[in-house]
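>>> Just the structure for this:
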Amino acid sequence: MPKLSDEYEELRKTVEAFARDVVAPVIGDLYEREQFPYDIVRRMGEMGLFGLPIPEEYGGMGGDYFALCLTLEELARVDSSVSITLEAAVSLGAMPIYRFGTPEQRAEWLPRLASGEMLGAFGLTEPGGGSDVPGGMRTTAVLDGDEWVINGTKAFITNSGTGITGVVGVAAITGYRGEGGEALPHGRGGKPEISTILVPAGTPGFTVSKKYSKVGWNCSDTRELSFDDCRVPAANLLGERGRGYAQFLQTLDEGRIAIAALSVGLAQGCVDESLRYVRERQAFGHPIGHYQAIQFKVADMEARTHTARLAYYHAAEKMLAGEPFKKEAAIAKLVSSNAAMDNARDATQIFGGYGFMNEYPVGRFYRDAKILEIGEGTSEVQRMLIARELGLSGL
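I've put the predicted structure just below:
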């Protein structure tokens, strides 16, 4: 395992202590009541966690993406719905504005996003679409004078309906292009031109539906969004018109490393809880950790976690070095989410009946783990991306 620098290690220990002392005592009750952790989010903002990879000129901490990943891992060791709130706010909400926004957009939004005063969200997925984003997109944005008029629906959008949600980046079809790149009228065929438009919370025509009832991630806010003749200024276009598809591909490549870090945190949490339990639980006159069947399970859990951590460290290293990292990000997402799911299953088995009880963290880990194999690119999509990077093509 690469040795962390003193700065990274200090951050890791700080977040570890925060998760242990602040998050752990209250998260079980919040989770079962499906309440958004406003106080925890406020305190994370005070610590500067929402601004870790944002430059100081925009109110951030001036750190990097790896610092964010270390933070996500430590939070997810205790609860991944708190961790995904931070991940979505930074990776999907703030970073696209930092990467692609105009100086005016950065100045308007980033200071509040970096402080945690406001949360951002990314409106990509639609009810009829999933992995096939361009083919499933139905949301449109038509330029009417100096305004975009947006119509459509988005599904499964994290952080989109909290009391502190400030802005949603909405991916929409803004036109169609022929084979030669010429503009075509709406509905005349051709390739859809996808752009991203920033929609402030509270804009007329922008409706936030009630929260989904989810199997896991019960402290995170996930909703469906509707846009009915929603008008925003033309200046709210994020970056260049027609660059939305390229923007979200880059955003998701980076986000996969973040989700991998979160997954490693959940996997490590399963190891932590299992080690405590097998040393305390007695059976047939010994702690159950005395028995080889249990030892092998815990050893496998540790091996998966260690391997997955190396994968996301490597992907983050390549990203920060400015090298291509698409394959490494997909590998990290694939192996880390698998490790989280497998460890959650094994931890629940080790705990036996207690693993099925809500008062034990492993039950929460089990409920949270499955979405990690789905969100921000399914495991099947990761395998497809890896194969393509190896020169294999096809469906």
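>>> ranges for the helices of the stretch 1-150 of the chain?
6-18, 24-32, 38-47, 65-76, 80-87, 95-100, 103-115, 133-136 (DSSP state H, counting those that start in this stretch).
>>> worst average pLDDT in the ones you listed?
Between those, the one with the least mean pLDDT is helix 133-136; it has a mean of 74.
>>> Let me see the residues that make contact with stretch 28-38.
Under the criterion C-beta atoms under 8 Å, 6 or more residues apart in numbering, residues 23, 26-27, 79, 81-82, 85, 162-164, 211, 213, 218-221, 358-359, 361, 364 lie in contact with stretch 28-38. (Each C-beta comes from the backbone N, C-alpha and C, glycine too.)
>>> Also stretch 282-299?
The contact list for stretch 282-299, computed with C-beta under 8 Å, 6+ apart, reads 271, 274-275, 277-281, 346, 349-350.
>>> picking up where we left off before, make TSV from the helices of the stretch 1-150 of the chain and add distance to M319 and mean neighbour count to it.
What follows is these, written out as TSV (distance: least, C-beta to C-beta, whole Å; neighbours: other C-beta atoms under 10 Å):
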stretch	distance to M319	mean neighbour count
helix 6-18	15	15
helix 24-32	30	16
helix 38-47	23	17
helix 65-76	6	26
helix 80-87	15	28
helix 95-100	12	21
helix 103-115	20	18
helix 133-136	22	14
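>>> picking that back up, which of the contacts of stretch 282-299 are buried?
Under a neighbour-count criterion of 16 or more other C-beta atoms under 10 Å, the subset of these counted as buried comprises 271, 274, 277-278, 281, 346, 350.
>>> re earlier: show me which of the contacts of stretch 282-299 is closest to N338.
The nearest member of the contacts of stretch 282-299 to N338, counting by C-beta to C-beta, is D346 at 12.3 Å.
>>> Over to the residue lying closest to the closest one once chain neighbours are set aside: give its phi and psi.
Distance criterion C-beta to C-beta, 6 or more residues apart in numbering; nearest residue to D346, sequence neighbours excluded, is K297 at 5.0 Å. When quoted as degrees, to the nearest 10, the phi and psi of K297 stand at phi -60, psi -50.
>>> any weak-confidence spans in the stretch 101-250 of the chain?
For the stretch 101-250 of the chain, the stretches with pLDDT under 70 are 130-131, 180, 185-189.
>>> With the stretch 251-395 of the chain instead?
Flagging of the stretch 251-395 of the chain using pLDDT under 70 yields the residue ranges 394-395.
>>> could you pull out the helices for it?
Applying DSSP H, counting those that start in this stretch to the stretch 251-395 of the chain gives helices spanning 292-320, 326-351, 361-369, 379-389.
>>> could you give the angle of the shortest one to helix 24-32?
Here helix 361-369 points in a direction 50 degrees away from that of helix 24-32 (axes from the mean of the first three to the mean of the last three C-alpha atoms, to 10 degrees).
>>> Against which helices or strands is helix 361-369 packed?
Packing partners of helix 361-369 (3 or more C-beta pairs under 8 Å, 6 or more residues apart in numbering; DSSP states H and E): helix 24-32, helix 80-87, helix 244-280, helix 326-351.
>>> closest to T139 out of those helices?
Relative to T139, the nearest member of the helices and strands packed on helix 361-369 by C-beta to C-beta is helix 244-280, separated by 10.7 Å.
>>> So which bits of that closest one are buried?
Within helix 244-280, the residues that qualify as buried by neighbour count (16+ other C-beta under 10 Å) are 244-245, 247-248, 251-274, 277-278.
>>> Kindly give a single PyMOL line that selects the buried subset of the contacts of stretch 28-38.
Applying 16+ other C-beta under 10 Å to these, the buried members can be selected in PyMOL as follows:
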select buried, resi 23+27+79+81+82+85+162+164+211+218+219+220+221+361+364
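>>> follow-up on the earlier one: tell me how far the residue nearest to D346 lies from T348.
As judged by C-beta to C-beta, to the nearest Å, K297 and T348 stand 11 Å apart.
>>> now V15
V15 sits 26 Å away from T348, going by C-beta to C-beta.
>>> Could you tell me how many residues sit around E240?
Counted with other C-beta atoms under 10 Å, the burial measure for E240 works out to 12 neighbours.
>>> Which strand or helix spans it?
Counting by DSSP states H and E, no helix or strand carries E240.
>>> what's near enough to touch it?
With contacts taken as C-beta under 8 Å, 6+ apart, E240 has the following neighbours: S195.
>>> So Q105 is in contact with L238, correct?
Yes: under the criterion of C-beta atoms under 8 Å, Q105 lies in contact with L238, with a separation of 7.0 Å.
>>> Tell me, how many residues neighbour the closest residue to T307 other than its chain neighbours?
Once flanking residues are discounted, T307 sits nearest to V335: 6.4 Å by C-beta to C-beta, 6+ apart. Counted with other C-beta under 10 Å, the burial measure for V335 works out to 22 neighbours.
>>> Check the gap between V335 and L372 for me.
Looking at V335 against L372, where the rule is C-beta to C-beta, the gap reads 11 Å.
>>> before we move on, what about R177?
36 Å.
>>> neighbour-wise, which of those two wins?
For R177 versus L372, neighbours defined as other C-beta under 10 Å are more numerous around L372 (28 against 14).
>>> gap between that one and A155?
Distance of L372 to A155, computed by C-beta to C-beta: 18 Å.
>>> Repeat that for A172.
According to C-beta to C-beta, A172 and A155 sit 14 Å apart.
>>> which of those two has more neighbours?
Looking at A172 and A155 with other C-beta under 10 Å, you find the greater number of neighbours at A172, namely 25 against 18.
>>> Tell me if that one really is in a helix.
No: under DSSP: H, G, I helix; E, B strand; the rest coil, A172 sits outside any helix and is assigned strand.
>>> Spit out the contact partners of the closest residue to it other than its chain neighbours.
Counting by C-beta to C-beta, 6+ apart, the nearest residue to A172 once its immediate chain neighbours are dropped is A141, at 3.9 Å. Contacts for A141 (C-beta under 8 Å, 6+ apart) come out as 148-151, 170, 172-174, 195, 197.
>>> Could you tell me how many residues sit around E56?
Using other C-beta under 10 Å, E56 has 11 neighbouring residues.
>>> Quick check, it in contact with G48.
No: under the criterion of C-beta under 8 Å, E56 lies out of contact with G48, with a separation of 10.4 Å.
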